[in-house]
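Novice: Give me coordinates for this.
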Amino acid sequence: MHKRKFLLADPAKPEGPDNAHTRAKIGDALVALLAEDVRVNHDAVATRSGVSRRTVYRYYPDQESLLRALRERVTALAGPGVHYPGSTDELLATLPAIYEGFDRIAPVATVIRSTPQGRAARLADREARVAAYAAATRDAVAALPEEDRVRATAMLQFLHTSAWLEMRDQWGLSGGDIARTCDWAIRALLADLAARGDKPLAEGPA
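Specialist: From the prediction side, this is the model:
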């Protein structure tokens with residue numbers, strides 16, 4: 001894989017006991033290792049970031065927390081508008097920030113979705129992601145049979161954050177185009193959910 005360089009945090013700043021700058025250095029090292037297809041572990045992060053191995057372990061004591069830090073840093077690089085929604089209104093309102101943010105960090109946004117390490121980083125936050133989307137869409141799917149609530153919520157989550165890579169690679173759409181397309185699709189699904197009551201999804205549109 002072609003190596004890409006990422007700007008790391010300023011190394012001149014001191015490393016304190018709980019220093020946000022140190023966390024940023026570790027996060028940038030994680031992103032760089034992911035982009036270069038280097039195995040992410042505490043030793044590699046320490047070497048790449050210039051932070052001591054002991055400090056890396058103090059902030060992130062195991063592999064799962066290290067992978068979660070990687071996902072959080074990628075999210076931060078995409079911009080402050082990239083976050084889990086608190087409601088279906090916010091599901092729609094955050095689409096432009098999310099998909100245009102992914103465009104800004106396209107190389108990193110691609111590898112975190114298409115490589116084993118990137119997928120592991122996303123899965124490290126799976127429980128929090130599932131809980132957030134279940135809460136945001138609870139009222140919209142409440143009347144559905146129980147098994148269909150999960151299916152409908154999963155599709156809404158997919159449209160909110162996961163359609164980017166396929167629509168960019170296969171159709172050449174920009175983040176703005178993808179946001180507008182997913183806005184239309186989510187609104188259509190929410191309208192269907194509002195009209196269908198407890199009718200199972202397998203029976204087709206409301």
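Novice: Am I right that Arg73 is in contact with Leu30?
Specialist: Yes: Arg73 is within contact range of Leu30, at 5.8 Å (criterion: Cβ atoms under 8 Å). Any C-beta I mention is one placed from the backbone N, CA and C, and that applies to glycine too.
Novice: For the two, indicate the residue with more neighbours.
Specialist: Leu30 (28 against 21; other Cβ atoms under 10 Å).
Novice: Which helix or strand lies directly C-terminal to whichever strand or helix holds Thr47?
Specialist: Assigned by DSSP states H and E, Thr47 belongs to helix 42-49. Going down the chain from helix 42-49, the next helix or strand is helix 53-59, by DSSP H and E.
Novice: quick one: Arg129 from Tyr84, how far?
Specialist: Arg129 is 7 Å from Tyr84, where distance means Cβ to Cβ, to the nearest Å.
Novice: so who does the residue most central in space within the chain touch?
Specialist: Computing the C-alpha centroid of the chain and ranking residues by Cα atoms, centre = their mean puts Thr75 first, at 6.0 Å. Thr75 sits next to 82-83 when contact means Cβ atoms under 8 Å, 6 or more residues apart in numbering.
Novice: Now do the same for it: helix, strand or coil?
Specialist: When classified by DSSP: H, G, I helix; E, B strand; the rest coil, Thr75 comes out as helix.
Novice: how much space between it and Thr55?
Specialist: Thr75 is 22 Å from Thr55, by Cβ to Cβ.
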